[in-house]
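**Q** Below is the sequence, then the predicted model.
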Amino acid sequence: MNQEKEQGKYEDILYLPHPVSRRHPQMSLSDRAAQFAPFAALTGHDEAVKETARLTDSYIELEEGQKERLDQRLSLLIKAMGENPGQEPIITVTCFHPDEKKDGGTYVPVCGRVKKVDGYRREIVLKDGTALPMDNIIAMEGDVFRGAED
């Protein structure tokens, strides 16, 4: 009953056409929608959730046999570079890159021509300038290693 009474109160204007202002331009639909867009009260929260969900790998501690094999390959690489100074062997190195924001990191295969092996800094430097720390390398592949190992 109350609702009927209220509706009867506005019966004279209920079915009139929607008024359009002559002074003020009508707002675009995208601007109207922006008024009702969700408010981000917790700025940066979405990024924090995504960062937490991002997976990283743990650092793999190599066994003695794996370390010896890498040392052999490193020696073969140094020998090949000494015997053929003009040639830069192409190798693929799987190297651990620590994550800057959280524990762990990623294992990334890097392929390139070897410019030098720096024993002082303990890194392999590729021709493009990429420096690969020897302590982060878990595998080395390439033609220079084929047929020379037992």
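**A** Perfect, thanks for sending it.

**Q** Val144: what's it in contact with?
**A** By Cβ atoms under 8 Å, 6 or more residues apart in numbering, the contact list for Val144 reads 76-77, 80, 89, 91. Any C-beta I mention is one placed from the backbone N, CA and C, and that applies to glycine too.

**Q** which of those residues tops the neighbour count?
**A** Ile91 (22 neighbours; other Cβ atoms under 10 Å).

**Q** Skip the chain neighbours and tell me the closest residue to it.
**A** Closest residue in space to Ile91, ignoring its immediate chain neighbours: Gly142 at 3.7 Å, by Cβ to Cβ, 6 or more residues apart in numbering.

**Q** about what we covered before: from the contacts of Val144, which is closest to Ile13?
**A** Nearest to Ile13 out of the contacts of Val144 is Ile91 (Cβ to Cβ; 82.5 Å).

**Q** tell me which element the closest one is part of?
**A** Element membership for Ile91, per DSSP states H and E: strand 90-98.

**Q** Strands of this protein, start to end?
**A** For the chain, strands defined by DSSP state E occupy the ranges 90-98, 105-118, 123-126, 131-133, 137-142.

**Q** So for Ser28, which of these sits nearest?
**A** Here strand 105-118 is closest among those (Cβ to Cβ), at 45.1 Å.

**Q** Show me which parts of the closest one are buried, residue by residue.
**A** Neighbour-count burial for strand 105-118, counted by 16 or more other Cβ atoms under 10 Å, picks out 105, 110, 112, 114-115, 117.

**Q** what angle separates it from strand 137-142?
**A** If you take axes from the mean of the first three to the mean of the last three Cα atoms, to 10 degrees, strand 105-118 sits at 60 degrees to strand 137-142.

**Q** what comes into contact with stretch 63-73?
**A** Residues contacting stretch 63-73 (Cβ under 8 Å, 6+ apart): 62, 137-140, 145, 149.

**Q** now the helices: where do they sit in the chain?
**A** For the chain, the helices defined by DSSP state H occupy 2-9, 29-35, 45-53, 64-83.
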